[in-house]
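S.K.: Whatever this is, show me its structure:
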Amino acid sequence: MGTIVIVDDDAQLRHSFEKLLTSEGHVVRTSATGETGLELIKAKLPDLVIMDVRLPGMDGLETFRAMHDIEPKLPVIIMTAYGSTDTAIEATKLGAYDYVLKPFEIPEMLNTIEKALEAGRFMRSRVSVDATAVNDSSDAILGRSKAMQEVFKAIGRVASTDATVLIRGESGTGKELVARAIYQHGIRSDKPFLVINCVAIPETLLESELFGYEKGAFTGAVTRRVGKIEQANGGTVFLDEIGDMPFSIQAKILRLLQEKSIERLGGRAPIPVDVRVIAATNRDLEAALAEGRFREDLYYRLKVVTLRLPPLRDRSGDTIVLADYFLKKYASEMNVNSPGVTAEAKTILNNYAWPGNVRELGNTMQKALIFSRGAPISAEEISQAIKGETARREPIQSSEDEPIRDWVRKVLALGGGEKTFNDLIDKFAELLITEALNLTSGNRSQAAKLLGLSRPTLLARIEKYGIKIETAIRSE
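M.R.: You can find the predicted model right below:
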């Protein structure tokens, strides 16, 4: 949750926004003019600003420039009517996070707000890189093992350059944290940092998300749209899960790296952009090359510098350091004292293989803390927390999976095709997310926990599958 400033001269819209966002758990402050909006920001820096482009007195563009001077990393969402999109596009080019056309759909607007808050947190929340000490940072990369010492050295070496970086490692090893650390310690740290998850967005939407589009490029393209890469001009783009990027888009990323330019969908003229690219994947890119699923020229362009993150099982001595860090972090969030861990529990922590890596360890310590009741966390509590994690991975029993098998048989009986497998997987994922949202009455944070997903990943999937969430608060 965050603090959001609304700047709009429409009193009814401000009231509706305040009611809606407060119900979502945010703190909301409102202003009718750019001048008073600036005073609110100077008094206390918010996490996000949502601002109309047409304002009395200082106009939207002038107000945005003044906000940007106060805090370049403050995410700003511009609201605009069709007749004023050129000004909104100009603000986006200057560093605004995004622009939204009025009137807008509430679920879509909430999704944009969540993404903007996450982007702001990524840019402004420091990632502590400390091999020896556990500190109070909300995000930290810790480790005393030799493998992690090499990672720390590599981060320091590449951060001071402008080289393209490819981060490789298993799921849960901390690739996103390393990307953020490189950005925050780098020469572009005062410029935007935008994250694009290449696997969470459908191919057709991913292309427009990355590169934008011109008016009339396709049905529904009623105005020009600036893509994320253009928005990040001067800053850094993090392409997460690039090993899953569709082959058709890989050529455009190659052009970005080679020629420092892009083309919007439906556009004809190249647009120069200056961004640093950091990419990450848990895929075997060499196998993808051999199978023709990944471009060889892009592969070599990406791996100018390669950082390999070791799995937790290969980080001798780091498990307890990380467990203590997570325990203190979650205890602070829950406003309780850290109870510590018994010697027997530490033995289990050290002996477990951690197939989910650091992410699984963090989840385990959070669960154990919740049920510890203030006493030092015991071996039994650690074991129960781990079993709870592995229980989700156990296959459905044969007596229970027959309805699913029957459904799959019916689909296959209709005739397969090259997209059958992906279509079935997507449909099942859509059903999972829909049921999780139903069980939690639409609470996305709780649904994400049920599914074992991060909130941003869940939001991206909701957008990908077009899942509609009934919102109790409607615009007035």
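
S.K.: Distance check, the residue of the chain most remote from its centre against Arg126.
M.R.: Of all residues in the chain, Ala413 has its C-alpha farthest from the mean position, at 38.1 Å, by Cα atoms, centre = their mean. Relative to Arg126, Ala413 is positioned 55 Å away (Cβ to Cβ, to the nearest Å). (C-beta placed from N, C-alpha, C; glycine too.)

S.K.: my guess is Thr112 meets Asp98, correct?
M.R.: Yes. With contacts counted by Cβ atoms under 8 Å, Thr112 reaches Asp98, the gap being 5.9 Å.

S.K.: Common neighbours of these two, please.
M.R.: Common contact partners of Thr112 and Asp98 (Cβ atoms under 8 Å, 6 or more residues apart in numbering): Ile77.

S.K.: quick one: average pLDDT of stretch 101-110?
M.R.: Regarding stretch 101-110, the rounded mean pLDDT is 87.

S.K.: Could you tell me the end-to-end distance of that stretch?
M.R.: Length of stretch 101-110, first residue to last, Cα to Cα, to the nearest Å: 14 Å.

S.K.: give the contact list for the nearest residue to Leu55 once chain neighbours are set aside.
M.R.: Closest residue to Leu55 apart from its sequence neighbours, by Cβ to Cβ, 6 or more residues apart in numbering: Gly34 at 4.8 Å. Gly34 makes contacts with 7, 51, 55, 57-60, 62-63, 66, as judged by Cβ under 8 Å, 6+ apart.

S.K.: Show the backbone phi and psi for Gly34.
M.R.: phi -60, psi -40 (degrees, to the nearest 10).

S.K.: Would you mind measuring from Asn282 to Ile382?
M.R.: From Asn282 over to Ile382 the distance is 26 Å, taken as Cβ to Cβ.

S.K.: With Leu94 instead?
M.R.: On the measure of Cβ to Cβ, Leu94 and Ile382 end up 50 Å apart.

S.K.: more neighbours, those two?
M.R.: Neighbour totals were compared for Leu94 and Ile382, and Ile382 leads with 25 against 14 (other Cβ atoms under 10 Å).

S.K.: Can you tell me the element the more buried one falls in?
M.R.: Assigned by DSSP states H and E, Ile382 falls within helix 379-391.

S.K.: per the record, what domains does this structure have?
M.R.: Domain segmentation of the chain under automatic domain parsing yields 3-124, 127-310, 313-391, 402-465.

S.K.: Of those domains, which shows the lowest average pLDDT?
M.R.: Lowest mean pLDDT of the domains of the chain: domain 402-465, a mean of 79.

S.K.: State the phi and psi torsions of the residue nearest to Ile320 when sequence neighbours are not counted.
M.R.: Using Cβ to Cβ, 6+ apart and skipping the chain neighbours, the partner closest in space to Ile320 is Lys346 (5.6 Å). The phi and psi torsions at Lys346 (degrees, to the nearest 10) take the values phi -60, psi -30.

S.K.: how many other residues sit next to Gly340?
M.R.: Around Gly340 sit 15 other residues, with neighbours defined as other Cβ under 10 Å.

S.K.: surely it meets Gly374?
M.R.: No. The pair Gly340 and Gly374 fails to qualify as a contact (Cβ under 8 Å) at a distance of 10.5 Å.

S.K.: Check the gap between the residue nearest the centre of the chain and Thr63 for me.
M.R.: Most central in the chain under Cα atoms, centre = their mean is Pro456, positioned 4.8 Å from the mean C-alpha point. Per Cβ to Cβ, Pro456 is found 28 Å from Thr63.

S.K.: same deal with Ser171?
M.R.: Applying Cβ to Cβ, the value for Ser171 to Thr63 is 42 Å.

S.K.: now swap in Leu20 and tell me
M.R.: 22 Å.

S.K.: higher neighbour count, these two?
M.R.: Thr63 (26 against 21).

S.K.: That one sits in which helix or strand?
M.R.: Taking DSSP H and E as the definition, one finds Thr63 inside helix 60-70.

S.K.: Show me how far that helix is from its chain's centre.
M.R.: 26 Å (Cα atoms, centre = their mean, to the nearest Å).
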